[in-house]
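Asks: Quick one: sequence and predicted model below, then my questions.
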Amino acid sequence: MSRNDLARLIADARRIAVFTGAGISTESGIPDFRSPGGVWSRMQPIYFQDFVTREDRRREAWTRTFSGAARWVGAEPNAGHMAVARLVAQGKASAVITQNVDNLHQASGVPPDKVIELHGNASYATCLECGLRHELEVLKQSFLGAGEIPRCRECAGLVKTATISFGQPMPPEPMARAEEETLACDLFLVLGSSLVVYPAASFPLVAKRNGAKLAILNRDPTELDDYADLVLHDEIGPVMTAASPAN
């Protein structure tokens, strides 16, 4: 199996669902979660229940956010992101289902309504009570200047970065949209996911069992490689640039 095989699958597809994991963003300098140097090898995760019930854990979470310790935001899209954006712009890909929280698909030009974020977004915050969006730069000023742990300006509820933490329920709307796109596609294209985090990792098999082709491009083998029509263990940027040219 080669890059040319992937290019043919993309060319023949009428509707592609792109599924991305941390591996597509490592080429932008964002370490993946579990590898050496990744965020969970450097710091313990703060569980959702602890964030909600303990002020010290909330303060630690916001300290990490504003220090940039997690390194989830602030990077630039790479060639892999740009290739995915071209597929969307060309009408080949109907949606990007992502496990990432780094906002790089939107930064690459994919319309926000085409990005289905299963694990949220680290570039802004939301109120856990009323759902109001809060910009991080505004919260940062009061946190660093006065030590104030963010509260909602409308309802005074707890505010948290708009990511899904360990122990936090998966958001039903993105999961439902992802399932719809999975069932509607004729090519399910996995880019940079180890496919070990469920329920998100179930979507490739759902697509395959529904008659779609399944292609997996990831640096390392995954547990679903045997089910795929095409598997490439390679760098995403160069491969996708070749497989989805601008013209």
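Replies: Thanks, I have it.

Asks: which one's the longest strand in this protein?
Replies: The single longest strand within the chain, with elements called by DSSP state E, is strand 120-127.

Asks: next structured bit after that one?
Replies: The C-terminal neighbour of strand 120-127 among helices and strands, as given by DSSP states H and E, is strand 133-135.

Asks: need the helices for this structure, in chain order.
Replies: Along the chain, counting by DSSP state H, helices occupy 3-12, 39-42, 48-53, 55-67, 79-89, 104-107, 136-146, 172-184, 203-209, 236-243.

Asks: Tell me where this protein is predicted with low confidence.
Replies: Across the chain, the ranges flagged by pLDDT under 70 are 1, 32-42, 69-74, 247.

Asks: about what we covered before: in the longest strand of the chain, what counts as buried?
Replies: Across strand 120-127, burial judged by 16 or more other Cβ atoms under 10 Å covers 120-127. (C-beta placed from N, C-alpha, C; glycine too.)

Asks: likewise stretch 106-119?
Replies: Neighbour-count burial for stretch 106-119 [16+ other Cβ under 10 Å]: 106-108, 110, 114-119.

Asks: In contact with the residue nearest in space to the middle of the chain: list those residues for me.
Replies: Centrality entry for the chain: nearest residue to the mean C-alpha point is residue 100, 1.8 Å, by Cα atoms, centre = their mean. Residue 100 makes contacts with 20-22, 24-25, 117, 119, as judged by Cβ atoms under 8 Å, 6 or more residues apart in numbering.

Asks: Among the residues you listed, which one has the most neighbours?
Replies: residue 24 (35 neighbours; other Cβ atoms under 10 Å).

Asks: Without its sequence neighbours, what residue ends up closest to that one?
Replies: The shortest distance from residue 24 to any non-neighbouring residue, by Cβ to Cβ, 6 or more residues apart in numbering, is to residue 192 (3.8 Å).

Asks: what's around the one you found, how many residues?
Replies: 24.

Asks: how about it, what does it touch?
Replies: Counted by Cβ under 8 Å, 6+ apart, residue 192 has contacts 20-26, 80, 217-219, 236.

Asks: between those residues, which is closest to residue 169?
Replies: residue 21 (20.4 Å; Cβ to Cβ).

Asks: For that closest one, which non-adjacent residue is closest in space?
Replies: Counting by Cβ to Cβ, 6+ apart, the residue nearest residue 21 is residue 193, at 2.8 Å.
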